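Q: Fold the following.
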Amino acid sequence: MDGRREDTEPNSTRGGSAAAADVEVSVVLPAYNEAETIEETVETTLRTLASFLPAGTFEVIVAEDGCDDRTPEIADRLAAADERIRHVHSDERLGRGGALERAFAAAEGETLVYFDTDLATDMRHLEELVDRVRSGAADVATGSRWLPGNRADRPAKRGVPSRVYNGLVRTVLRSDLRDHQCGFKAFSREAFEDLRTDVEDDHWFWDTEMLVRAQRAGYEVAEFPVEWTPKGDTKVDLVRDVLGMGSQILRTFWQLSVRPRLSRRVSIGAGAVLAVLALALMTQYIDFGTVFDEMREADPLLVGIATFVYVLSWPLRGQRYRDILAELGFHEKLGFLTGAVFISQTGNLVFPARAGDLIRAYVVKARRGIPYPTGFASLAAERVFDLLTIASMAGVVLIGYTATGQTAELARTVVGAEGAGRVAVLVAMAVGLAAVAAVVVIALSARSDRDYVTALVYRVSTDSYADFVAGVISRFVSDLQAVAGTRGGFARVGVTSVAIWTLDVVTALLVLAAFSPGLPFVELVAVSFFAVSVGNLAKVLPLSPGGVGLYEGAFTLLVVGLTPLGAELALGAAVLDHAVKNLVTVVGGYGSMLALNVSLTTAVEETREVREAGDEAPELD
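A: Have a look, this model is predicted:
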């Protein structure tokens, strides 16, 4: 090539490389907004390479990653003036790893090298870096700022985070290297081509993942000390260092150390164990002796009818999820989606912090290819409708109590209460208000041209990784808005939500009626609606697995406070109601796991969302 532009949207390769067949070493300089330094860096690199390599055996590639300064112009000019220089351009941000991978793929050499354009690593080490791989002594070579014999002036604000990060990689990913992020590395063409398809990160974790996977694949990885001087200022970045790097360490651990051991038999066995664990965890919050005592006193026919009514709500849950996904452009069968809901709700009985919700996004991704951000957005939409429905039901009953003059009694009941009941009611109030506020914020943001999501991300992050994270979140929010953005979709999902929670209340009402409470029908209905609504609002916060304890506390407190029933009967009804619902959930969840060949243990794989979300137009087994 002669340096002329060869635009092939959205990306292009520009520059020249005379006698490409003779190129043995390709040096890539990853560049994002490096207008002030790129020319000097390229000149220094050429001069250093020429000092130990024959003419015509090397090339320098500027991997310019969607810059918005003069870097592209400068790189074009350099490539046009010197056939040893090439310019690999991208109109869009690919991320540091993505830009490196694309430039290496376009390179001519069998030895592939890169280093940071600030030249923090002393260039006298470049010959050693190249020769380690070029000679065949190693497949991968990397400089190290932490090996004995190095010279690296690292301030605490750089050194401490680096040591923590490298310690985590060594411990969690079983790496033998001391420094994974030194921007001074070389790969053989064979190693790069073999590993590139397995490396999933496109950003700052790319080179760490390459090093870890190279070791696991049996390649010879050489680490040697270098003299390194920090250039410019740095600081820990919340989005990149915590959300980005941390999640990638967990994702790689899952893929390399856990997933290979999960056969179908192991997955099904683990699912069975965790289903039993869900029941065992319930015993930590519920006295099953009390449950059985109360069941002996309760009308078994009404309890059986209550169980049947609750079972009827599950196809409705599947239908609602189907309607939500349809609004996002995905059409799936009712049976599959009902099973996915069963599995995720079973997970909520086992895992803390409602991590079971994450399972559903994994199930629909793994079995139907629905992207993770869409899965998360559909879950969020479902939760919003749940909260609004429950809060509305509680609000309607509260208005009724106000009209009949019972508000003061209700206030005295809550204020005077202690323990789980009072905590549950206060939590329910906060959750209800938060749900309304969230809907208002989403509605307002949908009508505004301002990108509030990106603005918020950049308030806590200045790193280029923030672009990627902001894009994922923006997609998530837009999908959430899309569900409630049409009258038809909003109406269908809203009506189904009301039906689901009405059946939930009817289940509790029938269980309470099985204890022959002697309440007038209207009062029985009113207290059931209010107690179930507040109890379920209290379950939203992950204070216990499945909300066990919080639900019973709120239910008992309100039944005792609003009716003449005693605490023993109210607690018995609350325990039995929740036990019936949880047992139906576990049985349905395990049956769905068997049918769909899904194990709860793969919930860890939700970290893969960072990679998958960047693929399509969007990780809670």
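
Q: domain ranges for the chain?
A: If you go by automatic domain parsing, the domain ranges for the chain are 1-119, 136-236, 274-612.

Q: pLDDT on the second one, on average?
A: Yep, that's domain 136-236 we're talking about. Per-residue pLDDT over domain 136-236 has a mean of 84.

Q: Any regions of the stretch 451-600 of the chain where pLDDT drops low?
A: Where the stretch 451-600 of the chain drops to pLDDT under 70, the residues are 451-486, 538-550, 598-600.

Q: One more pass at 50, please.
A: Along the stretch 451-600 of the chain, the parts satisfying pLDDT under 50 run over 543-547.

Q: which residues of it fall in helices?
A: 452-460, 465-483, 487-513, 521-539, 550-562, 567-596 (DSSP state H, counting those that start in this stretch).

Q: Tell me the backbone dihedrals of T57, please.
A: Backbone dihedrals for T57, given as degrees, to the nearest 10, come out at phi -100, psi 10.

Q: With L29 instead?
A: In terms of degrees, to the nearest 10, the main-chain angles of L29 are phi -110, psi 100.

Q: distance of it from G56?
A: In this view, L29 and G56 are 19 Å apart by Cβ to Cβ, to the nearest Å. Yep, even glycine has a C-beta here, placed from its N, CA and C like the rest.

Q: quick one, which of those two is more surrounded?
A: L29 (25 against 16; other Cβ atoms under 10 Å).

Q: I'd assumed E39 was in contact with the more buried one.
A: No. Counting by Cβ atoms under 8 Å, L29 does not reach E39; the two are 11.1 Å apart.

Q: If we ignore the residues flanking it in sequence, what's nearest V199?
A: E209 (4.8 Å; Cβ to Cβ, 6 or more residues apart in numbering).

Q: tell me which element that neighbour falls in.
A: helix 206-216 (DSSP states H and E).

Q: Now do the helix or strand following that helix and helix 206-216, the angle between them.
A: As assigned by DSSP H and E, the chain's next helix or strand after helix 206-216 is strand 221-225. Inter-element angle recorded for strand 221-225 and helix 206-216: 120 degrees (by axes from the mean of the first three to the mean of the last three Cα atoms, to 10 degrees).

Q: residues in contact with the residue nearest to R84 when sequence neighbours are not counted?
A: In this structure, R84 finds its nearest non-sequential neighbour in E59, 5.6 Å apart by Cβ to Cβ, 6+ apart. Applying Cβ atoms under 8 Å, 6 or more residues apart in numbering to E59 gives the contacts 17, 23, 25-27, 84-86, 107-109.

Q: Across the sheet, point out what pairs with E59.
A: S26 (DSSP bridges).

Q: tell me the pLDDT at it?
A: 96.

Q: Check T48 too.
A: For T48, the model assigns a pLDDT of 96.

Q: List the contacts of the helix or strand containing it.
A: If you go by DSSP H and E, T48 is part of helix 38-50. Contact with helix 38-50 is made by 25, 27, 29, 31, 34, 58, 60, 62, 71, 74-75, 78, 82, 84-85, 117-119, 123, 126-127, 130, as judged by Cβ under 8 Å, 6+ apart.

Q: Using neighbour counts, trim those residues to the buried set.
A: 25, 27, 29, 31, 34, 58, 60, 62, 71, 74-75, 78, 82, 84-85, 117, 119, 123, 126, 130 (16 or more other Cβ atoms under 10 Å).

Q: ok so, going back, same list (the helices of the stretch 451-600 of the chain) but as CSV, adding distance to A217 and mean neighbour count.
A: CSV is the format used below for the helices of the stretch 451-600 of the chain (distance: least, Cβ to Cβ, whole Å; neighbours: other Cβ atoms under 10 Å):
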stretch, distance to A217, mean neighbour count
helix 452-460, 35, 15
helix 465-483, 26, 20
helix 487-513, 47, 20
helix 521-539, 46, 23
helix 550-562, 48, 27
helix 567-596, 32, 21
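
Q: would you list the ones you listed in TSV and tack on distance to F205?
A: Below are these laid out as TSV (distance: least, Cβ to Cβ, whole Å):
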stretch	distance to F205
helix 452-460	18
helix 465-483	9
helix 487-513	38
helix 521-539	36
helix 550-562	38
helix 567-596	31
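
Q: Kindly confirm whether my reading is correct that the residue nearest to V199 touches H203.
A: No. Using Cβ under 8 Å, E209 makes no contact with H203, being 10.3 Å away.

Q: quick one, phi/psi of A141?
A: phi -130, psi 140.

Q: excluding its backbone neighbours, what's nearest it?
A: Nearest residue to A141, sequence neighbours excluded (Cβ to Cβ, 6+ apart): R132, at 3.8 Å.

Q: While we're on that neighbour, how confident is the model there?
A: So, for R132, pLDDT stands at 96.

Q: Check the secondary structure at it for me.
A: The three-state label given to R132 by DSSP: H, G, I helix; E, B strand; the rest coil is helix.

Q: And the one 10 residues further on, by the same measure?
A: Look at T142: counting by three-state DSSP, its state is strand.

Q: That one pairs with what?
A: Going by DSSP bridges, T142 forms beta bridges with K185, E223.

Q: contacting residues for it?
A: Shown in contact with T142 (Cβ under 8 Å, 6+ apart): 177, 179-180, 182, 184-186, 211, 221-224.

Q: Can you pull out the low-pLDDT segments for the stretch 1-150 of the chain?
A: Residue ranges of the stretch 1-150 of the chain with pLDDT under 50: 1-12, 14, 17-19.

Q: let's see 80
A: Within the stretch 1-150 of the chain, the stretches with pLDDT under 80 are 1-21, 93, 146-150.

Q: Can you show me the helices along it?
A: Under DSSP H, counting those that start in this stretch, the stretch 1-150 of the chain gives helices at 38-50, 71-81, 96-106, 126-134.

Q: What is the third one packed up against?
A: For helix 96-106, the contact count by 3 or more Cβ pairs under 8 Å, 6 or more residues apart in numbering; DSSP states H and E identifies strand 25-31, strand 58-65, strand 85-90, strand 111-115, helix 206-216 as packing neighbours.

Q: The same query, at a cut-off of 7 Å, please.
A: Judged by 3 or more Cβ pairs under 7 Å, 6 or more residues apart in numbering; DSSP states H and E, helix 96-106 is in contact with strand 25-31, strand 58-65, strand 85-90, helix 206-216.

Q: quick one: which of the ones you listed is nearest A380?
A: Set against A380 and scored by Cβ to Cβ, the helices and strands packed on helix 96-106 come closest in helix 206-216, at 29.4 Å.

Q: pLDDT score for A278?
A: pLDDT, A278: 52.

Q: now the longest helix seen in the chain: mean pLDDT?
A: Scanning the chain for the helix with the most residues, using DSSP state H, yields helix 372-403. For helix 372-403, the mean per-residue pLDDT is 77.
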